[in-house]
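K.L.:
Can you look at this prediction? I've put the sequence above it.
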Amino acid sequence: MKLQKKYKFWFCTGSQDLYGEECLKNVANHSRIIVEQWNQSGVFPFEIVLKPTLITNEVIRKTLNEANMDETCAGVIVWCHTFSPAKSWILGLQEYRKPLLHLHTQFNEEIPYDTIDMDFMNENQSAHGDREWGHIVTRMGIERKVVVGYWSNQVVQKKIATWMRTAIGIVESSHVRVMRVADNMRNVAVTEGDKVEAQLKFGWEVDAYPVNEIAEAVAAVSESDTNVLVEEYYDKYEILLEGREESEFRKHVAVQAQIELGFERFLEEKNYQAIVTHFGDLGALKQLPGLAIQRLMEKGYGFGAEGDWKVAGMVRIMKLMSAGMKEAKGTSMLEDYTYNLVAGKEGILQAHMLEICPSIADGPISIKCQPLSMGNREDPARLVFTSKEGMGIATSLIDLGNRFRLLVNTVECKKVEKPMPKLPVATAFWTPQPDFATGAEAWILAGGAHHTAFSYDITAEQMGDWAAAMGIEAVFIDNNTNIPNFKQDLMLGNVVFK
Ligand code: MN
């Protein structure tokens, strides 16, 4: 599956013709230098395209509409080199529909003390030009990112590069299609939600298929194709027989290989990028998809268990946002499973009955085949590993009945103190910020789910910007969280997002 498309970002410089041709020539030249240097820097995950300087209502409107229409354009970066009267932008901005970044910079880093004159002042006036522009964007209530600082500074460049990934999450959201091969687990509340509203807000298409339709696609996978994939598994992963007959073990693994191929073909043929399953509705499938789902997630598919299509959509979005990142540490669905409550060592053991993405693994990955009480099928093969250390975010998208809320908890992933040799599933272990008790209390107060979409590679700020672009509330649980303020945030959200 192709995760990273060849998106581009447009660089648009605002100006006006009040200061003459010479000034406009310099403006265009400065923007060209910025864009060239950026494209050569290796900091940006996508190409930046320089557009002609925007000085009239007509050109602004035309350019922003071209950005809308160009499928390769994932967003526009605007900087007002000189003053650009912002009424000129109203019609264009009203029609513009893609992510927007306002770069507040200046071509010169330092005031040229010895030579500065009024010509220089007029040519380099983003200090007030960008304020004029920011005013109209705020007045129009348009969501945008503002990045302030010297354009050649790497901190500034990295902020823009990170926003580009957020922009991908925003533009790609309306291309996410989730396949449900079962309904939500009976009686469970938090995995439910309004699929029509999800399409209105996020652009997600969420469709159901009878489980036996996909089971037929699995059965149609040939034995030879299956065996090739089994060999790949045997090459790539450690095989932990744990007393099983090798030939019998291999048969169990082959069931998952057939599921992986069948599911992938079915998803590709029908153009879905995320999938949900449910252990209680397996039809003709011989095993609960475990290893198969783990591998599909690693390839970039979103996944949610027990019918949890909201998590499937979020995992897909976060995989898209982190696609192609150098030194990416991984993104997965996880579930808060069990606690360590020893003082000073508090944390949450993350797992699921099978389906954790191996992208988050640290060290060797092995295949185990163990009984599973859930699902009433033969013992499923699964990948078992522990996960990386470091900071990450756990997100939960919930439906409050009249609206969605996104929770984002910054967490510190750690190693557990001792191995857990009898545990036949992949795990992660983390302590939520600001501390275990406050983090869990805030999570529960905000109505967060037990399933999460987790990533080491995406920041809370990025998910907050994504939520803002979707027009939904985001609440953050991090080192700044204290419960009285958090409750006030939730109260405020109830008023604002009614
Ligand atoms: Mn679950």
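P.N.:
Sure, I can see it.
K.L.:
Could you use CA atoms for every contact and neighbour count after this?
P.N.:
Will do.
K.L.:
Work out the gap between the helix or strand hosting Q488 and the centre of the chain.
P.N.:
Using DSSP states H and E, Q488 maps to helix 483-496. For helix 483-496, the separation from the chain centroid amounts to 25 Å (computed by Cα atoms, centre = their mean, to the nearest Å).
K.L.:
Pull out the buried positions in that helix.
P.N.:
By neighbour count on 16 or more other Cα atoms under 10 Å, the buried set for helix 483-496 is F486, L490, G493.
K.L.:
of all those, which comes closest to A274?
P.N.:
G493 (29.4 Å; Cα to Cα).
K.L.:
P419 versus the closest one, what's the distance?
P.N.:
Noted for G493: a distance of 42 Å to P419, by Cα to Cα, to the nearest Å.
K.L.:
Now do the same contact list for the spatially closest residue to W133 that is not a sequence neighbour.
P.N.:
What sits nearest to W133 in space, not counting adjacent residues and going by Cα to Cα, 6 or more residues apart in numbering, is A86, at 5.3 Å. With contact set as Cα atoms under 8 Å, 6 or more residues apart in numbering, A86 has these partners: E132, W133, I136.
K.L.:
what helix or strand does H252 sit in?
P.N.:
helix 246-270.
K.L.:
on that earlier part again, which of the contacts of A86 tops the neighbour count?
P.N.:
Counting neighbours by other Cα atoms under 10 Å, W133 leads the contacts of A86 with 23 neighbours.
K.L.:
Quick check: A284 vs P434, distance?
P.N.:
Distance, A284 to P434, using Cα to Cα: 46 Å.
K.L.:
These two - which one has more neighbours?
P.N.:
When A284 and P434 are compared for neighbours, P434 comes out ahead with 20 against 15, by other Cα under 10 Å.
K.L.:
can you tell me the helix or strand for the more buried one?
P.N.:
Going by DSSP H and E, P434 is not part of any helix or strand.
K.L.:
thought it was touching I483?
P.N.:
No: using Cα atoms under 8 Å, P434 is not in contact with I483; the gap is 10.6 Å.
K.L.:
Quick check: chain neighbours aside, which residue is closest to Q433?
P.N.:
D478 (4.8 Å).
K.L.:
same thing with V206?
P.N.:
V178 (4.7 Å).
K.L.:
Which parts of the stretch 251-400 of the chain are helices?
P.N.:
291-299, 309-322 (DSSP state H, counting those that start in this stretch).
K.L.:
residues near G401, how many?
P.N.:
Count around G401 with other Cα under 10 Å applied: 9.
K.L.:
so what's the closest residue to F497 other than its chain neighbours bridging to?
P.N.:
Nearest residue to F497 in three dimensions, chain neighbours excluded: E473, at 6.7 Å (Cα to Cα, 6+ apart). Counting by DSSP bridges, E473 forms beta bridges with R405.
K.L.:
tally of neighbours for E473?
P.N.:
19.
K.L.:
and the residue nearest to the spatial centre of the chain, what is it in contact with?
P.N.:
Nearest to the mean C-alpha position of the chain, counting by Cα atoms, centre = their mean, stands M318 at 1.9 Å. Counting by Cα under 8 Å, 6+ apart, M318 makes contact with G169, T331, A453, S455, I458.
K.L.:
Look up how far T166 lies from it.
P.N.:
9 Å.
K.L.:
What residues of the helix holding H252 count as buried?
P.N.:
Buried residues in helix 246-270, defined by neighbour count with 16+ other Cα under 10 Å: 249-250, 252-267.
K.L.:
tell me the angle of that helix relative to helix 291-299?
P.N.:
Taking axes from the mean of the first three to the mean of the last three Cα atoms, to 10 degrees, helix 246-270 and helix 291-299 form an angle of 50 degrees between their directions.
K.L.:
thinking again about what came up before, between the helices of the stretch 251-400 of the chain, which one is closest to F11.
P.N.:
For the helices of the stretch 251-400 of the chain, the distance to F11 is smallest for helix 309-322, at 20.6 Å, taking Cα to Cα.
K.L.:
Output the closest one as PDB, restricted to C-alpha atoms.
P.N.:
This file holds the C-alpha atoms of helix 309-322, laid out as PDB (Å, rounded to 0.1, in the frame of the first residue of the first chain):
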ATOM      1  CA  TRP A 309     -14.300   2.200  13.500                       C
ATOM      2  CA  LYS A 310     -13.300   5.400  15.200                       C
ATOM      3  CA  VAL A 311     -10.000   3.900  16.300                       C
ATOM      4  CA  ALA A 312      -9.500   2.400  12.900                       C
ATOM      5  CA  GLY A 313      -9.900   5.800  11.300                       C
ATOM      6  CA  MET A 314      -7.600   7.500  13.800                       C
ATOM      7  CA  VAL A 315      -4.800   4.800  13.300                       C
ATOM      8  CA  ARG A 316      -5.100   5.300   9.600                       C
ATOM      9  CA  ILE A 317      -4.800   9.100   9.900                       C
ATOM     10  CA  MET A 318      -1.800   8.900  12.200                       C
ATOM     11  CA  LYS A 319      -0.100   6.400   9.900                       C
ATOM     12  CA  LEU A 320      -0.600   8.800   7.000                       C
ATOM     13  CA  MET A 321       0.800  11.700   9.000                       C
ATOM     14  CA  SER A 322       3.900   9.800  10.000                       C
END
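K.L.:
Specify the angle between that helix and helix 291-299 in degrees.
P.N.:
Counting by the same axes, to 10 degrees, helix 309-322 lies at 40 degrees to helix 291-299.
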